[in-house]
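In: Curious how this folds, go ahead:
(4 chains)
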2 protein chains.
Amino acid sequence: MTIQLRQADIDRADHLPASSLAGIGALDLAGTRMAYEGGSEIYGEGEPVEYIYKVLSGAVRTYKLLSDGRRQIGAFHLPGEFFGLEAAADHQFSAEAISECEIMVVKRSAVFAMAGRDASVARELWSLTAADLARAQDHMLLLGRKSAAERVATFLLEMSRRASVSGTVELPMSRQDIADYLGLTIETVSRTISQFVSSAFIQLASSRRIVVRNPVALRRLDA
Amino acid sequence: MTIQLRQADIDRADHLPASSLAGIGALDLAGTRMAYEGGSEIYGEGEPVEYIYKVLSGAVRTYKLLSDGRRQIGAFHLPGEFFGLEAAADHQFSAEAISECEIMVVKRSAVFAMAGRDASVARELWSLTAADLARAQDHMLLLGRKSAAERVATFLLEMSRRASVSGTVELPMSRQDIADYLGLTIETVSRTISQFVSSAFIQLASSRRIVVRNPVALRRLDA
DNA sequence: CGATAATTTGATTTTTCTCAAGACGCGTGG
DNA sequence: CCACGCGTCTTGAGAAAAATCAAATTATCG
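Out: Just a heads-up that it's a prediction; the model follows:
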């Protein structure tokens, strides 16, 4: 079960003294640590935006749904990364914990207040948002123009860059999540991974543990 | 021929008195008006980011290329819209004028300076960037999960919302541009438009002038 | 150990792309 | 004014890629 947000804890962020908020790392410090269990919703599309989030541990998916249930995952968020940086009053995306997560939660109003007082916080906020935009734009190129093999290769290299421990990549997400991130079906993802195994580009310790054996070959596909 | 940027004109932005920069509309005021002819490059991927841009007239495409020439257009920018809001030192995208354009150009360093002095400018900058991010995320859903007919319907409704004059939509971009925006081929775009004409969803005054006759039918496709 | 979910594999269909050709529009020069 | 040329757009036929439908296999969890 998801641990409930306690309003009292969260409101603290609004009342932190200005001195503790200054500087580039300010967004790290002013929040409340929350726990979410795997599969639980962090926020839903259409809900009012109240917080800004940073992953401390675990992994988060942000996604949109079409009316008939088709899902597009916009991003996976791993430890150290922010999400929920939206300007609109209501969330345009939904966010769910993929696995058990610890999330730092900061009231958006508190962040705005900080940003108003401290230009370096404002700049950091902008910079994080612009980085998210750059990532989204890269992903548009993948979704619009890459073949299935290219998409999977790009994904594996991305995960290997972001989350590899001593050569092994531990994938926190299911094949369905990967498919919905890459704009493919689960079968196509699975077949492509199987082909990469046959080609000895990668090796599967288990379906969620991957070792990249031939990064050069994958990079060739990462057009 | 593209009218050259004159350094002297552009540098003015750095030296405007603070009083004229204050307030939400500040980004509108501190720049230099530039003209670009159709097809000319405004900036290229990999070039250092020097300016922030606002379309005054005409239309702009921002895009990325794969090594083999495949192109993904990330957005079309119409009058009143900003582009070039990137945090990195170098452009991650290229930008070209689609038609003859007038563009307001503001030095990024000047905008940063303004944002440091005036929190409302910082907030506007963030807000514009976050809006761009929201648009990019919507477009990921289209590219990842929508059928050709859904993509074209979404595009036509979007253009009709943004650029219709008395019921007629004037498309500034070619079919190839539309295809590269929607992640389709030019032939698929053309065929889909033809189907919409046969179905009486739309009417073509010319290939670039479209009248939406049945917006409800298009909206049904805009899943 | 059994039940259930996740992943893989196979066969077939559908969608979109590719290759090809024709039509249309528009500007230029005769 | 008209013909020509060039670029854009449309249409057609076939091929390719990925989706869908179906089933088998493997992993996970009580």
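In: Contacts only, for residue A:116.
Out: Going by C-beta atoms under 8 Å, 6 or more residues apart in numbering or on different chains, residue A:116 touches A:122, B:119, B:123. Heads up, the C-betas are built off the backbone N, CA and C, glycines and all.
In: Equivalent analysis for residue A:222, please.
Out: A:150, A:153-154, A:157.
In: So residue A:53 sits against residue A:42, correct?
Out: Yes: taking contacts as C-beta atoms under 8 Å, residue A:53 lies within contact range of residue A:42: 6.8 Å.
In: what touches both of the two?
Out: A:60, A:84, A:95, A:103.
In: Report the contact partners of the last one.
Out: When you say that, I think you mean residue A:103. A:33-36, A:42, A:53-56, A:58, A:60, A:97.
In: pLDDT wise, what is it at?
Out: On the pLDDT scale, residue A:103 is placed at 96.
In: Just give the closest residue to the residue most central in space within chain A, not the sequence neighbours.
Out: Chain A has residue A:77 as the residue nearest its centroid, 1.8 Å off, counting by C-alpha atoms, centre = their mean. Excluding its sequence neighbours, the residue lying closest to residue A:77 (C-beta to C-beta, 6 or more residues apart in numbering or on different chains) is residue A:60, at 4.2 Å.
In: Please name the residues that touch that neighbour.
Out: Counting by C-beta under 8 Å, 6+ apart, residue A:60 has contacts A:42, A:53, A:76-77, A:83, A:95-98, A:101, A:103.
In: likewise residue A:31?
Out: A:13, A:54, A:104-106.
In: Greatest separation within the residues you listed: which pair is it?
Out: A:13 and A:54 (12.5 Å; C-beta to C-beta).
In: list the buried ones in the helix or strand containing residue A:112?
Out: Assessed by DSSP states H and E, residue A:112 sits inside helix A:108-117. Going by neighbour count (16 or more other C-beta atoms under 10 Å in any protein chain shown), the buried part of helix A:108-117 is A:108, A:110-115.
In: wait, isn't residue A:203 in contact with residue A:197?
Out: Yes: the pair residue A:203 / residue A:197 is scored as a contact, 6.8 Å apart, by C-beta under 8 Å.
In: Walk me through the domains of chain A.
Out: A:7-143, A:146-221 (automatic domain parsing).
In: Straight-line length of the shortest one, end to end?
Out: By that I understand domain A:146-221. Domain A:146-221 has an end-to-end distance of 9 Å (criterion: C-alpha to C-alpha, to the nearest Å).
In: burial measure for residue A:183, as a count.
Out: Counted by other C-beta atoms under 10 Å in any protein chain shown, the residues lying close to residue A:183 total 24.
In: what about the longest helix in chain A?
Out: Taking DSSP state H as the criterion, chain A has its longest helix at helix A:119-145.
In: quick check, the helix or strand just after it touching chain B?
Out: Remark: after helix A:119-145, the chain's next helix or strand is helix A:148-163, criterion DSSP H and E. No: using C-beta under 8 Å from any C-beta of the partner chain, helix A:148-163 stays clear of chain B, with a minimum separation of 8.7 Å.
In: Helix A:148-163 vs DNA strand C: in contact?
Out: No: Helix A:148-163 stays clear of DNA strand C (C-beta under 7 Å from any atom of the strand), getting no nearer than 10.6 Å.
In: and that helix, does that touch DNA strand D?
Out: Yes: against DNA strand D, helix A:148-163 shows contacts by C-beta under 7 Å from any atom of the strand at A:148-149.
In: And the average pLDDT for that helix is what?
Out: Rounded mean pLDDT across helix A:148-163 is 97.
In: How far does that helix sit from its chain's centre?
Out: In this view, helix A:148-163 has its centroid 15 Å away from the chain centroid, taken as C-alpha atoms, centre = their mean, to the nearest Å.
In: before we move on, what about stretch A:62-72?
Out: 16 Å.
In: what's that stretch in contact with?
Out: A:45, A:73-75, A:77, A:83-84, A:92-96, A:180-181, A:183, B:137-138, B:140-141, B:144-146, B:223.
In: Show the buried residues in those residues.
Out: A:73-75, A:77, A:83-84, A:92-96, A:180-181, A:183, B:137-138, B:140-141, B:144-146, B:223.
In: Keep these, but drop any that are not near DNA strand D.
Out: Okay, of the buried ones among the contacts of stretch A:62-72 touching DNA strand D (C-beta under 7 Å from any atom of the strand), that's residue A:183.
In: Now do the contacts for residue A:51.
Out: A:10, A:43, A:84, A:105-108.
In: What are the boundaries of the strands in chain A?
Out: For chain A, the strands defined by DSSP state E cover A:32-36, A:41-43, A:51-57, A:60-65, A:71-77, A:82-83, A:94-97, A:101-107, A:164-165, A:168-170, A:202-206, A:209-212.
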